[in-house]
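Visitor: build the 3D model from these lines:
(one chain, ligands or ions: 1)
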Amino acid sequence: MDTKKLMATFAILIIALGIAGFAYAHWTATVYIEGEITTGYLDLEWSFEGELIQTKPVAELDYEIEDGYLWVNLTNVYPCLTVNMTIDVTNTGTIPVKLYDWGWGLEEGSDNLLPWIKVLKCEFIGVDGNGDGVPGSIEQLDPGDSVVLWLTIHFEQEDAQGNVMPQNAWMGFWAWFKWVNWNA
Ligand SMILES: [Ca+2]
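Guide: All right, here's what the predicted structure looks like:
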């Protein structure tokens, strides 16, 4: 190592120590940031109300709600029976959702009683459950808000072709509704 390099190295060392000394000679304060990120969740809940319009309590309606499933059973149905139902979906999660897709079908081995079912009323109504002035809809259902389907059906004596409603028949059906976060 020649003298020039040695001097340069020495100078750098002095400067470095000088900076270090300079830094240590000051008061210091340190600020920290800590963060946490939690994700919201999607959850929906059914509620249901049903009423049979009949002069004698012959037919029966019962339902059950469990783990996102709504079971509705109409038994001992007969021609000219009218059924009023409100089927309500409430966003019980923390994220707004929208209806993405849905489907339905008849159970295997089911009779098809649809030709004898006349829909008298089928209306969707949004409910402002969270009180922000905006009612829920299937396009955007905010946490706490609901959409309610008001459905009235009537069992017809005959279908469009004049066939009488079958006795001792059974119709099983299913439907699903897939909701996603509203901004998807
Ligand atoms: Ca609302």
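Visitor: ok, now which ones touch residue 121?
Guide: Shown in contact with residue 121 (CB atoms under 8 Å, 6 or more residues apart in numbering): 150-152. All C-beta spots, glycine's among them, are computed from the backbone N, C-alpha and C.
Visitor: quick check: it vs residue 70, distance?
Guide: Going from residue 121 to residue 70 by CB to CB, to the nearest Å gives 19 Å.
Visitor: so, in contact with the ion or not, stretch 93-112?
Guide: No: Stretch 93-112 stays clear of the ion (CB under 5 Å from the ion), getting no nearer than 9.5 Å.
Visitor: related to what we said a few turns ago, got the contacts of residue 121 as CSV, with secondary structure and neighbour count columns?
Guide: CSV is the format used below for those (DSSP: H, G, I helix; E, B strand; the rest coil; neighbours: other CB atoms under 10 Å):
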residue, secondary structure, neighbour count
150, strand, 15
151, strand, 17
152, strand, 17
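Visitor: where does pLDDT dip in the chain?
Guide: Scanning the chain for pLDDT under 70 picks out the ranges 1, 3, 10-11, 13-24.
Visitor: so which residues of it form strands?
Guide: 44-53, 60-66, 69-75, 82-91, 97-106, 117-127, 146-155, 173-181 (DSSP state E).
Visitor: need the residue closest to the centroid of the protein.
Guide: In the chain, the centroid-proximal residue (CA atoms, centre = their mean) is residue 44; its distance is 4.3 Å.
Visitor: next up, the contacts around it.
Guide: 68, 89-93, 97, 141, 179.
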